[in-house]
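Asks: Below are the sequence and a predicted model; questions follow.
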Amino acid sequence: MNKIIKYVLHDIFRNRILLAYVVLLSLSSFGLFMMNEDVSKGLSSLLTVLLIVVPLVSILFTTIYFFNSYEFIELLVAQPLKRSNILLGVYAGVGLSLLTAFWIGIGLPVIIFDGTATGWYFILSGSLLTMVFVSLAFLASVITRDKTRGIGIAMMLWFYFTLIFDGILLMVMFAFSDYPLEKLTIFLSCLNPVDLARIMVLLKMDISALMGYTGAVFNQFFGSSLGIVLSMTVMLIWIILPISIALRIFKRKNL
């Protein structure tokens, strides 16, 4: 599996798209920090990039790479190798490459301008969010053999978690506004990794104006520290569950 990881890393690091991703994140990060004298404002502005651009590139790049490497994966399957080692090797290689791009493009500027615990939590939430959408991309890729359909599923997942989910949550809150919705809101928030990443960062920044209803509920029920731990735990589940399902499908799939 180590050789597979090394090959994937070597292959991806030569990809110009990954380099463009690093440049885009770097320019956004340094630009936002330099435009705002207050570091916390720069960090809150960068949060939009974290919640929109990072998931989009992670799920789209991973899905396209998987289908472009399908012949290579078929060749590996024909060898006396466990399918689990093949898929996990490719998964680890793609995940590490995207994490490296995120750490260079956003992690480094954040440490330079805000090396406090808040900055490190920002990097941690972005790293977890990256791996969540890499896992979702692998699940979308193994479901179908058709590249167009796989990319379509991946884009629908991104669109749902970043845009549609908030609309559904607002509709539920509006329709049942006469009832106590705090516990339901916490449960629904756990169903969206993007929302959880936002809550992790804002709980640590303690910016009540930007927390929104879900962040305020987390803070009220669990406090900042416990709320962050809960969010982090659920994010780990979001990483493990999709890749576990993808692995199970891949083992039984007729390539």
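Replies: Happy to help now that I have it.

Asks: use CA for all of it now, contacts and neighbours both
Replies: Noted.

Asks: Now do the helices in the stretch 51-200 of the chain.
Replies: Secondary structure of the stretch 51-200 of the chain (DSSP state H, counting those that start in this stretch): helices at 70-77, 83-102, 108-113, 117-143, 147-159, 165-175, 182-189, 193-205.

Asks: Nearest to K3, out of those helices?
Replies: helix 83-102 (8.2 Å; C-alpha to C-alpha).

Asks: Check what pLDDT I4 gets.
Replies: For I4, the pLDDT comes out at 86.

Asks: shouldn't it be in contact with V90?
Replies: Yes - look at I4 against V90 with C-alpha atoms under 8 Å: they come within range, at 6.5 Å.

Asks: More neighbours: these two, which one.
Replies: V90 (25 against 20; other C-alpha atoms under 10 Å).

Asks: The more buried one contacts K6, correct?
Replies: No - contact criterion C-alpha under 8 Å: V90 and K6 do not qualify, at 9.3 Å.

Asks: Contact partners for R198?
Replies: For R198, the contacting residues are L47, L51, by C-alpha atoms under 8 Å, 6 or more residues apart in numbering.

Asks: Next one: it from F113, what distance?
Replies: 20 Å (C-alpha to C-alpha, to the nearest Å).

Asks: quick one: contacts for Y91?
Replies: So Y91 contacts V134, S135, F138 (C-alpha under 8 Å, 6+ apart).

Asks: The second one - nearest residue in space that isn't next to it in sequence?
Replies: In space, not counting the residues next to it along the chain, S135 is nearest to I243; the distance is 5.0 Å by C-alpha to C-alpha, 6 or more residues apart in numbering.

Asks: The one you found: neighbour count?
Replies: Other residues near I243 number 23, with proximity taken as other C-alpha under 10 Å.

Asks: one step back: in terms of mean pLDDT, which of the helices of the stretch 51-200 of the chain ranks lowest?
Replies: Here the helices of the stretch 51-200 of the chain differ in mean pLDDT, and the lowest is helix 182-189 at a mean of 75.

Asks: export it as CSV, just CAs?
Replies: The C-alpha trace of helix 182-189 is given here as CSV (Å, rounded to 0.1, in the frame of the first residue of the first chain):
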residue,chain,number,x,y,z
GLU,A,182,-32.6,23.3,20.2
LYS,A,183,-31.9,19.6,20.3
LEU,A,184,-33.3,19.1,16.8
THR,A,185,-31.0,21.8,15.6
ILE,A,186,-28.0,20.2,17.1
PHE,A,187,-28.9,16.9,15.5
LEU,A,188,-29.5,18.5,12.1
SER,A,189,-26.2,20.4,12.3
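
Asks: now it: how far from the chain's centre is it?
Replies: In terms of C-alpha atoms, centre = their mean, to the nearest Å, the centre of helix 182-189 is found 21 Å from the chain centre.

Asks: And for stretch 27-43?
Replies: In terms of C-alpha atoms, centre = their mean, the centre of stretch 27-43 is found 22 Å from the chain centre.

Asks: Kindly check the end-to-end length of that stretch for me.
Replies: 14 Å.

Asks: among the contacts of Y91, who's most crowded?
Replies: That'd be V134 among the contacts of Y91, by other C-alpha under 10 Å, with 29 neighbours.

Asks: How about the contacts made by that residue?
Replies: Counting by C-alpha under 8 Å, 6+ apart, V134 touches S58, I59, T62, Y91, V94, G95.
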